[in-house]
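Trainee: sequence plus the predicted model coming up.
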Amino acid sequence: MTLPYTARAARGFYFSDRREAGAALVAHLTAYARRSDVIVLALPRGGVPVAAAVADVLQAPLDVLLVRKLGVPGHKEFAFGALASGGTIVLNRDVVAGIGLSDAVIQSVAKTEQRELERRERAYRDDRPFPKLSGKTVILVDDGLATGSTMYAAVVGVSKLGATRIVIAAPVSSGEAVDTLRAIADHVVTLSTPDPFVAVGAWYEHFAQVSDDEVRALLAGRKS
């Protein structure tokens with residue numbers, strides 16, 4: 001018998017996989033079901049299976065919002081900012097000032113990541129344009145929030161594109177991320193904030209990398 005995610009916590013994880021996590025998450029989003037002003041945007045790649053489960057139950061359009069971290073040269077895992085679909089760039093001014101990154105370095109890294117962002121958008125969306133967000137309630141979905149920096153950039157991006165209400169939904173999050181994001185989003189929904197958080201993948205039994213092909217398959221035939 002499959003245990004509910006709450007019972008699995010005693011075994012060291014909460015969710016079997018991302019799809020199950022999305023099914024548990026959507027129970028807290030029913031106020032947004034069957035509404036013409038709602039769109040679900042997933043943060044690829046891990047957020048897409050979660051968001052697909054959410055969009056199916058809400059009967060809402062599903063699309064992706066690309067976000068790319070801007071990593072310090074030589075230490076790419078140390079982010080000094082992020083890029084989001086629609087041309088949004090968010091910088092961590094404290095990191096930029098602390099390291100002394102020049103405008104030339106910032107622009108060089110941003111240009112490289114912009115190319116990768118555009119490549120992924122073509123791969124996932126083909127020729128479909130990015131959805132219009134003006135006047136929409138946007139539900140941003142990821143498989144988990146560690147620092148919240150990537151989701152922060154996503155919120156800034158959809159806000160600039162005219163979203164009237166922004167909802168963040170993630171099955172598991174750090175308390176730090178939730179506190180940060182509540183300050184800029186209209187609604188933050190998460191099922192658990194374990195402490196210590198460790199990492200997103202620590203709370204899933206199955207956490208294989210999501211492939212580009214899986215993302216395309218989940219988006220295929222959907223209207224945005």
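Mentor: Great, that's in hand.

Trainee: now stretch 185-204: buried residues?
Mentor: Judged by neighbour count (16 or more other C-beta atoms under 10 Å), stretch 185-204 contains these buried residues: 185, 187-192, 197, 200-201, 203-204. Where C-beta positions appear, they are placed from N, C-alpha and C, glycine not excepted.

Trainee: wait, Arg68 touches Leu117, no?
Mentor: Yes - under the criterion of C-beta atoms under 8 Å, Arg68 makes contact with Leu117 at 4.9 Å.

Trainee: who's more crowded, these two?
Mentor: Using other C-beta atoms under 10 Å, the more surrounded residue of Arg68 and Leu117 is Arg68, with 24 against 18.

Trainee: on that earlier part again, can you work out which residues contact both of Arg68 and Leu117?
Mentor: Leu83 (C-beta atoms under 8 Å, 6 or more residues apart in numbering).

Trainee: biggest strand in the chain, by residue count?
Mentor: Ordering each strand of the chain by length in residues (DSSP state E) puts strand 75-84 first.

Trainee: show me what it is packed against.
Mentor: Applying 3 or more C-beta pairs under 8 Å, 6 or more residues apart in numbering; DSSP states H and E, we find strand 75-84 packed against strand 67-72, strand 88-91, helix 93-99, helix 103-125, helix 149-160.

Trainee: what's the closest of the ones you listed to Pro44?
Mentor: helix 103-125 (6.6 Å; C-beta to C-beta).
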